[in-house]
Structures are given as C-alpha cells and as structure tokens.
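**Student:** sequence and predicted structure are below.
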Amino acid sequence: MATPAAAASAPTATPAPVAAPAAAPASVPAPSPSPASAPAPAPAPVPAPTPAPASDPATAAATTAAPGQTPASTPAPAQTQAQSLPGPALPGPFPGGRVVRLHPVILASIVDSYERRNEGAARVIGTLLGTVDKHSVEVTNCFSVPHNESEDEVAVDMEFAKNMYELHKKVSPNELILGWYATGHDITEHSVLIHEYYSREAPNPIHLTVDTSLQNGRMSIKAYVSTLMGVPGRTMGVMFTPLTVKYAYYDTERIGVDLIMKTCFSPNRVIGLSSDLQQVGGASARIQDALSTVLQYAEDVLSGKVSADNTVGRFLMSLVNQVPKIVPDDFETMLNSNINVSAVPGLLGVCVFPHLSSCTNAKGVGGDDPEGNRGGGALPLAPCSPGWEKGRDSICAWRCPHLLFLDSVISGTADTTVTCYLDSWLEKMLNPEVNEIACLIFPI
Amino acid sequence: RQNAHAQRITSAKEMASRKEGTGSAATSSSSTTGPAGKGKGKGGSGDSAVKQVQIDGLVVLKIIKHYQEEGQGTEVVQGVLLGLVVEDRLEITNCFPFPQHTEDDADFDEVQYQMEMMRSLRHVNIDHLHVGWYQSTYYGSFVTRALLDSQFSYQHAIEESVVLIYDPIKTAQGSLSLKAYRLTPKLMEVCKEKDFSPEALKKGNITFEHMFEEVPIVIKNSHLINVLMWELEKKSAVADKHELLSLASSNHLGKNLQLLMDRVDEMSQDIVKYNTYMRNTSKQQQQKHQYQQRRQQENMQRQSRGEPPLPEEDLSKLFKPPQPPARMDSLLIAGQINTYCQNIKEFTAQNLGKLFMAQALQEYNN
C-alpha cells in the first residue's frame, strides 16, 4: 500500500506539498485543466481558512483542500485545519491504520443503483454515510445521486445529495457524510472534480470504486483518499492513495448474507426460506464439511504431504478438548430433561390450538348463547378458584396462578379430559431440584 | 400510528397517480387503483391477489441493518417497502426506513418525509410504488390492533400490499426469520364494516385462523449481485459461528412461554367479560319474559274486573340491552397465541433434532 510522506500543512498557507514516493502506484496524476462546469446548485460554504487554490479557476480541478496524512506525521496543524471546517467534522487527520470497513448492504445498494442507471450513463455515483472512530472508518449507508457526465463536463446534483442526507439523518442521526462512491474501473478526471465537491461536505472524503464492468473477471472494490502532490509553489496535483478495505458484518447481517448467497447456486436465482429442521440439517452439513476439511488436513500432515504447523495443531488440540466428557448416566438425565423442556411446550402448541379455535369460534364462546344452544364440540371456560369443580357435561377450567389451562368436554359424554400444565412443569424447568412433574397430559 | 399509516397510503396514492403518465409498467396503474377493481382476474372472495412475494437480497440486508442500528429492546422499527406487482407475484425491490416515533419531534411530518423520500428515489430510478411495509417484532408478538388497522388501511388502498415481519432475535439464532402477511378477504370485509360485535363475526365466520394469511417468500438476486456475493465470500472469510446448532435454549423458550402465558391470561379475562355479558343478556331475557307475563296477568285481571288494560310499554326502554363486547380483541389475542405456539413448535422441533444428534454423538463416543 502506497503511503505518501507527511503532509502537515498550516491552515492558511498554501499546502506544503509532498514528495510523492516513487513506489506509489497511485491512480490519477494531475488532471488536465478541464473546464469545470459547476452543477446548478452547489453553494457549499467554502470555509475561509481553506487554501484559496481550491476555488481558483486556474487550478480548478487540481487541488483539494484535504491533505492526506500518514500516521507518523504530526497531526496537530492538520487537526486545527479540520476543526475549522464547518459541517460534519471528522476528528482530524485520516485515522491511522487507514482502514475502511464496509457493510455488505452498501455494496448491494451500489450494484442495485448501477443496474438502474439511466440510459447512456456509464457509471453511477452516490454518497457514503457512516461513522468514524479512532481506528477506522465504518461505512454503513449510502444513496445514489443523479449526475451527468460527458466528455468535457460533469454535473452533480448536490442539492439532491443534501436533501437525501437530511432525510437519512432523520432515521439515523449518527451517520455522517464520509465520502462518495462510483462504479467503474478507473478513477477519471471527473472523479477529481466530484471529489472536490465532496470535500466541501466532509473533510477528507473517501472515494470508493466498485468495478461493475468486471474487468479481469473480478468485481474489485477499492477505496481511496486523496493527497496532494507536486512541486511546491507550482500547480498542485491530486493523487488518490488506496486504503485497506475490510468488511464488517453484524451477526444478523452475516446470517442474511449467507442466506442470500444461496441464490448463486440456484438456476433461476430464486430461493425460498427453509423450514426449521431443514435449517438444522443445513447447519450440520456445514459443520460436517468443516470437520472433513480438518480431518483431511490432519491426514495430510500425518502422511507427510503437508508440513505440520504448530499453531494449527494447538487449535485442533483445544477443539478436541472442548468436547465435554460426560458420564453416560448424567448425559441421559440431562438429555431427558432437555427433551422434556422441548417436548412439553411443543405439545402445548399442538394441544392449545384446538382448544382455542373452539374457544374463540363465535358460536362456541362463553357457553350457552342466549338461545340456550350449546356451541359446537368443545366449550370452554368458566374459570374458578384453584381446585376444580367438575360437572357432567360442563366445562371446567382450573386456573392456576400462572397458567390457565383448558379442558373440554366431548359433548354429550361425561368424559372430561384434563390437560393440565405447566405450572409445576415451569417450576421444574427453572428449578432443577424439583423432581416431580405434576404434569399429566391426556391428549384428546 | 394508524393515522400515520393512513396518511402514508393516501400520499402514496397521490404520488403514484400524479406520476401515472410517466409510470413505467401497466401494472403500476393497476396496483394503485386497486380498489377500483382492475380486470386482473381477482377471482372469488376466497382468492387472494398475491400468491408469492419475491424479495431482493438488497431489501433483506437493509431491513437487517435498520433493526441492528436503530432498534433496541422491545421497540419496533418500521419502514416502507417499494416494488411492483407482476401478475400474482409481488416483487419488493427496495425499501426505506421510517424514523422512530419520538416525542420530542412532534412536528415531524411523516407524510412529507415519505413523499420526499419517494420522490428522491424516483430520481434515481428506484421503484417508487408503495407496496407494503415492514416491521420488526419482539419474540413474535406482532398481532396487535395497531398492526391490523395499519394493514387494513394499506390493503384497502393498495390491493396487493403485505406486511413483512422481521424477527431479529430468531434471526440471531441462526436463520433468517422473515414472514409476509396479508389480511384475508373475509377479515377485510369485517373491517370495512367496522362492526366487531359477536353477531357480525359469526356471520363472517371468522376464526383466528382466518385473520392473517401468510404468503410464501422467495429471495431473488440479479446476476451482478451474485457476482458481488462471490466476491464477498472470497474476500471476507468470516468464521461461521454455528449458532443454529447451539443447545442452550431455555432462555429463549422461557421468554416465549412467558409471553404466551400473559396472553392466555388476557384471553381468560376477555372470556370472563364475555361470559358476564352472556349471563346478563339471558337474565335480562328472563326479566323481560317475567315482566311480560305479569303484564298479561294484570291485564287479564283488569279485563275480568272491567277496567281498561294497561298500555303496552316499550320493553326495550325498560330493559336496556347490555352492550356486547367487541370480539376483535379476543380474536387478536387468539391469533397472537397462535403465533406464539407456531414459534414454539418450530423452535422445539429444532431443539429435539439437535438433542437427538447430541445423543447419537455421545453414544458414538462411548
């Protein structure tokens, strides 16, 4: 990764230039003085202390106000400069480490806006939003911005960008403008202009490129920040230096991405959401794959095909040791209690339904309706105090302090089937010392 | 909240109708003038206009992100779904979140936010048709009056709208939990009348099973997004955490049961109320009957004595009938209990599977 040398600049003076290191394979050299046609709106307040050349037409597209930084440089002067800029303030120099963390939703959004671009547009651009912290910059949101690009000029609807940012801020007030993105393979001259517009919105904006034209058979995703270069006192140029891109996932995001990724394997790119046991099956299959990889590795090492690596060996050792050694009897008890824990609520789900459906059936609710007719097969519910009163042909409900349970009468007969839950069962689940489950389930 | 939703729908309709001329597909016109009944072969009352919901991967990611960043605890996050209707399939291609309802910005104009958002999105060629809304849920408790009202106003204005329920806690346990619901036509009828008395519900033959219908969801990605997925997989080797196979489940189960018990409590109270009502009604009937009888007797006596009979009095004025309790709440509670039970069933099925696997492994070890 190329790093420019220190470029601390005093607030008011023209930025002290940097001797660009020879090894820097930076993308764009000083752009030719293309006539910059400003887009219709764009009254971004140019802060006073920023060096004048930013608005100087002679070096129009050339300089940006934000010098790049290396971690080693003295951040103080640049910090004052950054602080004097209005609007969302990134704390000082670009965070050391120079890592940009992207969420997958950003990339999906970018690709989607690329697919929806206007006819004739070669690429789309948009704003990146996110948060900054000490070590990295995290991009969490983005939106696309309409723009027009032709051979000689570029016009960006900054008004639109501002509006959208305001709207987004209502939902997530913590997000700042971090920079902008563009699809396409290269950084063009117009990029520099656009970058300049964005540097009025945010100090030190990031530029992200997503190569949707799939050059080299890859969709390369790169991030840059701009630095100044050139000979001091003469025309200044801008150089985009690459940053490390890392991907950040929330847990749920990872699960979402895993699921979405499955469309890659389906012929028409459509997948349904799987049912409960299928998911367990899928997860077990994945573990099985992982285990077979590990086994393969172990065998390779044993047969000498692959040289042994101590770190891997230690990991494997700790993995094997993690499997708990349980005495079979204890395991049985644990298993049984857990099965109870799972099965009883399952039965609850199965048994409570038919009761409820007849309970809330408009016909059957509440016992006799005014004409004195019994409702359909099952009649619920005259709740009473603990203990129950049985009556032939009648309903009874034993209301325990926690859970009401229902039982119903097969109409006509005196059979009362009691499905009696779960108060004591619940106690047992929460308090394993309780031995008895006073829980009898007579299914209907 | 219901007002907010109603406003959102009307604004969506306005916007769509204004852009009618520039609308891209013919389907756009049919979906916005749904109530006017386009000739789309809606079929009988049992037929629903939407058989399948197709969601773009992008929407899934956006919903996940929205909850992750803005939702805490039992707050629900909501947002709007955009897309289009293709035959009997509802395609959801984008979405945007709605700011949470905070007391301090009471002057926040939701309608305007939405209008602006949709207008701006239209500028960048994103589908601007309002086809539904999404909401996160806490352990599956989403069957509330508010949701019913909102979905009713959506479906009333836009025939094919759905509500997507995203369960973040279940998702965090290993598999994406996203469900699409619509109100059944029967329930739509009842809601239109706004009559929730027992007689009306009996007439409509509505039970809790017929309130919401779940529409199957498929996820679809474009080719370019697939390329992106491959790219991400290569670059970001995030270790699988295998939460799905975790055996520690009692916490989750306990929570579910707790909520279930609360609901059942509510249900029992509701039923008590109904019982009281029934008893009162029948008692009143008896009283009326007795009164009538006494009247008749008196009249007969008077006749025998030659006096004029007492005038008939309006019985309904003497005996005011008790107010029948609205049954919608109990329906909702039953529906909610149903949902909880479904969740528990799924959850315990998975658990049992895992436990048996553990047992098999243990036996192998021994």
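**Tutor:** Looks like it arrived, so ask away. Here the structure is a predicted model, which is why all the values come from computation and not from measurement.

**Student:** so which helix or strand of chain A has the lowest pLDDT on average?
**Tutor:** Among the helices and strands of chain A, strand A:408-409 carries the lowest confidence by mean pLDDT, DSSP states H and E, at a mean of 28.

**Student:** got the domain boundaries for the chain?
**Tutor:** Using chain A here. Listed domain ranges for chain A are A:99-252, A:276-322 (source: the TED database).

**Student:** actually it's chain B I care about, not the one you picked
**Tutor:** Following the assignment in the TED database, chain B carries domains at B:49-100+B:109-235, B:248-297+B:320-365.

**Student:** can I get those in CSV with mean neighbour count?
**Tutor:** (Each C-beta comes from the backbone N, C-alpha and C, glycine too.) Formatted as CSV, these follow (neighbours: other CB atoms under 10 Å in any protein chain shown):
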stretch, mean neighbour count
domain B:49-100+B:109-235, 20
domain B:248-297+B:320-365, 17
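
**Student:** and of the ones you listed, who's closest to A:Met261?
**Tutor:** Distance to A:Met261, taken as CB to CB, is lowest for domain B:49-100+B:109-235 among those, at 4.6 Å.

**Student:** start to end distance for the closest one?
**Tutor:** By CA to CA, to the nearest Å, the extent of domain B:49-100+B:109-235 from end to end equals 42 Å.

**Student:** for stretch A:150-164, same thing?
**Tutor:** End-to-end distance for stretch A:150-164, by CA to CA: 24 Å.

**Student:** hang on, the earlier thing: can you redo the domains of chain A as TSV with mean pLDDT and mean neighbour count?
**Tutor:** Listed next are those as TSV, based on pLDDT from 0 to 100; neighbours: other CB atoms under 10 Å in any protein chain shown:
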stretch	mean pLDDT	mean neighbour count
domain A:99-252	85	20
domain A:276-322	84	12
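
**Student:** relative to B:Leu176, which of these is closest?
**Tutor:** Nearest to B:Leu176, of the domains of chain A and by CB to CB, is domain A:99-252 at 8.1 Å.

**Student:** ok, residues contacting stretch A:312-328?
**Tutor:** For stretch A:312-328, the surrounding residues in contact (CB atoms under 8 Å, 6 or more residues apart in numbering or on different chains) are A:294, A:297-298, A:334, B:362, B:365-366.

**Student:** wait, which of these is closest to B:Leu310?
**Tutor:** The closest of the contacts of stretch A:312-328, once distances to B:Leu310 are taken by CB to CB, is A:Met334, at 80.2 Å.

**Student:** now distance to B:Arg305 too, for the domains of chain A, in JSON lines please.
**Tutor:** Shown next, in JSON lines, are the domains of chain A (distance: least, CB to CB, whole Å):
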{"stretch": "domain A:99-252", "distance to B:Arg305": "84"}
{"stretch": "domain A:276-322", "distance to B:Arg305": "81"}
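
**Student:** now B:Gln285: how far from B:Tyr291?
**Tutor:** Distance from B:Gln285 to B:Tyr291, counting by CB to CB, to the nearest Å: 11 Å.

**Student:** please disregard the earlier target; I meant B:Gln112.
**Tutor:** For B:Gln112, the distance to B:Tyr291 (CB to CB) stands at 61 Å.

**Student:** of the domains of chain B, which is nearest A:Lys305?
**Tutor:** domain B:49-100+B:109-235 (25.0 Å).

**Student:** mind checking how far the closest one is from the chain centre?
**Tutor:** 10 Å (CA atoms, centre = their mean, to the nearest Å).

**Student:** tell me what A:Val245 is bridged to.
**Tutor:** A:Val245 has these beta-bridge partners by DSSP bridges: A:Val100.

**Student:** wait, isn't it in contact with A:Lys222?
**Tutor:** Yes. Here A:Val245 reaches A:Lys222: they are 6.7 Å apart, a contact under CB atoms under 8 Å.

**Student:** the strands in the stretch 151-300 of chain B, which residues?
**Tutor:** Under the criterion DSSP state E, counting those that start in this stretch, strands of the stretch 151-300 of chain B are mapped to B:162-166, B:178-183, B:212-215, B:217-220.

**Student:** dump the third one to PDB, restricted to CA.
**Tutor:** This means strand B:212-215. Extracted in PDB, the C-alpha atoms of strand B:212-215 (Å, rounded to 0.1, in the frame of the first residue of the first chain):
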ATOM      1  CA  PHE B 212     -53.900 -13.400   8.500                       C
ATOM      2  CA  GLU B 213     -52.700 -15.400   5.700                       C
ATOM      3  CA  GLU B 214     -49.000 -16.000   5.300                       C
ATOM      4  CA  VAL B 215     -47.600 -15.500   1.800                       C
END
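
**Student:** quick check: mean pLDDT of it?
**Tutor:** Averaging pLDDT along strand B:212-215 gives 86.

**Student:** so what does that strand touch, helix or strand wise?
**Tutor:** On a contact count with 3 or more CB pairs under 8 Å, 6 or more residues apart in numbering or on different chains; DSSP states H and E, strand B:212-215 meets strand B:178-183.
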